[in-house]
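Participant: sequence unknown, structure follows:
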């Protein structure tokens, strides 16, 4: 257990380290993937624009084509997407398993964390579409707007989720598919005394 904790900690530090040029490169990749997934179906209403600096900031831009109003919000690609991915990778890679099984668990963990990131960026995008009372691209009723704002706060804005969700993803990734089924025991709990 101590070896696992130390190795996952060392991997986490190495992955989370501020390597030169990494923030900008990751922000550009993040913006490209987000535009491919979310910008394509919105026909340009939603755009993710990386800053030219090394900040790692990506501007989420939402344009209302009817009112010609444009809203924007900065997203830190490192905090929003990279750190949960790095945490999941560190936990899965440090788990003491045979190499081939560990590789499979890493792949499962990365797929699961990217599903989480898809939901996270999707909620941020939906939030931007609903901003503004009369200028919103997607006007919602008050209860639905409250639901979107609550989801935005819990899943996107609240940073501890970036470190809590990877632990649950790691636990899910460590379960083999054969362990996902529940079987009922055919033996009775108490045997009759003869």
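Facilitator: Structure received. Note that the structure is a prediction, hence the values are computed from the model and not measured.
Participant: what's the weakest-modelled helix or strand in this protein?
Facilitator: Within the chain, no helix or strand scores below helix 40-42, which has a mean of 75 by mean pLDDT, DSSP states H and E.
Participant: what element comes up after that one heading to the C-terminus?
Facilitator: Following helix 40-42 in sequence order, the next helix or strand is strand 46-50 (DSSP states H and E).
Participant: What is that following strand packed up against?
Facilitator: Applying 3 or more Cβ pairs under 8 Å, 6 or more residues apart in numbering; DSSP states H and E, one finds that strand 46-50 contacts helix 22-34, strand 57-63, helix 99-130. (C-beta placed from N, C-alpha, C; glycine too.)
Participant: And these: which comes nearest residue 12?
Facilitator: Closest to residue 12 of the helices and strands packed on strand 46-50 is helix 99-130 (Cβ to Cβ; 13.7 Å).
Participant: The next helix or strand after the closest one versus helix 99-130: what angle between them?
Facilitator: For helix 99-130, the succeeding helix or strand toward the C-terminus, using DSSP H and E, is helix 142-151. For helix 142-151 against helix 99-130, the angle by axes from the mean of the first three to the mean of the last three Cα atoms, to 10 degrees is 140 degrees.
Participant: that older thread, can you put the helices and strands packed on strand 46-50 in CSV and add distance to residue 150?
Facilitator: Converted to CSV, the helices and strands packed on strand 46-50 look like this (distance: least, Cβ to Cβ, whole Å):
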stretch, distance to residue 150
helix 22-34, 22
strand 57-63, 19
helix 99-130, 10
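Participant: Excluding covalently adjacent residues, which one is nearest to the residue nearest the centre of the chain?
Facilitator: With distances taken as Cα atoms, centre = their mean, residue 117 lies nearest the centre of the chain, 2.4 Å away. Distances taken as Cβ to Cβ, 6 or more residues apart in numbering place residue 81 nearest to residue 117, at 5.1 Å, with adjacent residues excluded.
Participant: what does stretch 92-101 rub up against?
Facilitator: Residues outside stretch 92-101 that contact it (Cβ atoms under 8 Å, 6 or more residues apart in numbering) are 3-4, 7-8, 11, 102, 105-106, 108-110, 170, 173-174.
Participant: buried sites along that stretch?
Facilitator: For stretch 92-101, the neighbour count (16 or more other Cβ atoms under 10 Å) marks 92-95 as buried.
Participant: now the residues you listed as JSON lines including pLDDT?
Facilitator: Converted to JSON lines, the buried residues of stretch 92-101 look like this (pLDDT from 0 to 100):
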{"residue": "92", "pLDDT": "90"}
{"residue": "93", "pLDDT": "90"}
{"residue": "94", "pLDDT": "89"}
{"residue": "95", "pLDDT": "88"}
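Participant: got TSV for those residues, with secondary structure and distance to residue 54 too?
Facilitator: TSV is the format used below for the buried residues of stretch 92-101 (DSSP: H, G, I helix; E, B strand; the rest coil; distance: Cβ to Cβ, whole Å):
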residue	secondary structure	distance to residue 54
92	helix	29
93	helix	27
94	helix	29
95	coil	33
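Participant: Perfect, I'm done here.
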